[in-house]
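**Student:** Output the structure for:
(one chain, ligands or ions: 1)
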Amino acid sequence: MANPSRRPLVAGNWKMNGLRASLAEVVAIKAGIAGAGCDVAICPPATLLREAAAEAAGSGLLIGAQDCHAAASGANTGDISAEMVADAGCRLIIIGHSERRADHGETNEIVRQKAEAVWRAGLLAVLCIGETESQRRGGETMAVLARQILESVPEKATSANLVVAYEPVWAIGTGLTPSEDDIAAAHAHIRARLAERIGTVAAATSILYGGSVKPSNAASILSLADVDGALVGGASLKAADFLGIVAASS
Ligand code: 13P
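**Tutor:** A predicted model of the protein is given here:
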């Protein structure tokens, strides 16, 4: 179970899913989290940020974006800045998701710059790391995670401005998950590498697990040492599934 100094966070990443009708799920999630034993966030597509944030205002539900550009403004067609996300009423931004790294060539260095941008806008960075299937097969998992921490986490990270999400790439959207021992070992390794990078605040920094989390496996994953919550893709699209995961974290 999570260290009591780390309040669990269950965050939903809707990815490129959701039209305005999906705001009904935000309404249902907001209603269903009263008294939850964890923080709860939903990261809808950019088109829904403003309305979702307005809907969640004054409730315990946090709304966040799935990415941002490192610059505050400029000639960057199609991008949005952290300041724009904050202006829409959001509280957090996911950065470094493996789909951004794979589809948009985002390097650890770019992710580090995005973390700085998120903090410049006063928001929480949910920074994703994780190994690919071939890296795991090659026995490189721990080295890959160490390099991602070293190169993408700025030294001024604190437990108040950073959450790390461990998402094995091969577990995303596949229904596959690492064994509980493998998740626990990866999270302990991430926390140790984080401590080398940012010092004792690593002990109070939340590390989420992501990759095929669903109501049926959430309780066992969330009970593992050093697992402080979940980053949920597919199972966050429907309020009933997502609320089942939220309930499992308590
Ligand atoms: P799934 O829960 O659909 O596997 O996605 C995980 C993820 O990528 C969340 O960011």
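**Student:** Pass me the low-pLDDT residue ranges in the chain, would you?
**Tutor:** Along the chain, segments meeting pLDDT under 70 span 1-2.
**Student:** longest single helix anywhere in it?
**Tutor:** helix 180-198 (DSSP state H).
**Student:** Show me which residues of it are buried.
**Tutor:** Using 16 or more other CB atoms under 10 Å as the test for burial, helix 180-198 gives 183, 184, 185, 186, 187, 189, 190, 191, 193, 194, 197, 198. The way it works is simple: take the backbone N, C-alpha and C, and place the C-beta from them, glycine included.
**Student:** Tell me if the next helix or strand after it is near the ligand.
**Tutor:** Once the chain leaves helix 180-198, the next helix or strand it forms, by DSSP states H and E, is strand 207-210. Yes. Strand 207-210 reaches the ligand (CB under 6 Å from any ligand atom) through residue 210.
**Student:** Who does strand 207-210 pair with, and is each partner parallel or antiparallel?
**Tutor:** Sheet pairing for strand 207-210, assigned by DSSP bridges, gives strand 162-166 (parallel), strand 229-232 (parallel).
**Student:** tell me how far it is from the chain's mean position?
**Tutor:** With CA atoms, centre = their mean, to the nearest Å as the basis, strand 207-210 stands 7 Å off its chain's centre.
**Student:** do the same with stretch 168-179
**Tutor:** Per CA atoms, centre = their mean, the centroid offset for stretch 168-179 relative to its chain is 15 Å.
**Student:** What are the buried residues along it?
**Tutor:** 168, 169, 170, 171, 172, 177, 178.
**Student:** residues in contact with the closest residue to the ligand within the chain?
**Tutor:** Nearest residue of the chain to the ligand, counting by CB to the nearest ligand atom: residue 233, 2.2 Å away. Residues in contact with residue 233 (CB atoms under 8 Å, 6 or more residues apart in numbering) are 12, 13, 15, 172, 173, 210.
**Student:** can you give me the helices for this structure?
**Tutor:** Counting by DSSP H, the helices of the chain are 23-32, 49-56, 82-87, 98-104, 108-120, 133-137, 141-152, 180-198, 215-222, 239-248.
**Student:** For the residue positioned nearest the centre of the chain, give its distance to residue 39.
**Tutor:** The structure's the chain has its C-alpha centroid closest to residue 126; by CA atoms, centre = their mean the separation is 4.4 Å. The gap separating residue 126 from residue 39 is 11 Å, by CB to CB, to the nearest Å.
**Student:** Could you list the residues of the chain in contact with the ligand?
**Tutor:** Close to the ligand, as judged by CB under 6 Å from any ligand atom, the chain has residues 13, 97, 167, 172-173, 210-213, 231-235.
**Student:** For the residues you listed, work out which two are farthest apart.
**Tutor:** Pairwise distances across those (CB to CB) peak at 16.3 Å, for the pair 97 and 235.
**Student:** Give me the more crowded residue out of the two.
**Tutor:** Neighbours of residue 97 and residue 235, each counted by other CB atoms under 10 Å, are more numerous for residue 97; the result is 29 against 20.
**Student:** for the residue of the chain closest to the ligand, phi and psi?
**Tutor:** Phi and psi for residue 233, reported as degrees, to the nearest 10, are phi -90, psi -100.
**Student:** Make sure residue 146 is actually in contact with residue 193.
**Tutor:** Yes. With contact defined as CB atoms under 8 Å, residue 146 counts as touching residue 193 (4.9 Å).
**Student:** Which of the helices of the chain sits closest to residue 5?
**Tutor:** helix 180-198 (12.7 Å).
**Student:** and the strands paired with strand 207-210 as TSV, adding mean neighbour count and distance to residue 26?
**Tutor:** Converted to TSV, the strands paired with strand 207-210 look like this (neighbours: other CB atoms under 10 Å; distance: least, CB to CB, whole Å):
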stretch	mean neighbour count	distance to residue 26
strand 162-166	26	20
strand 229-232	28	14
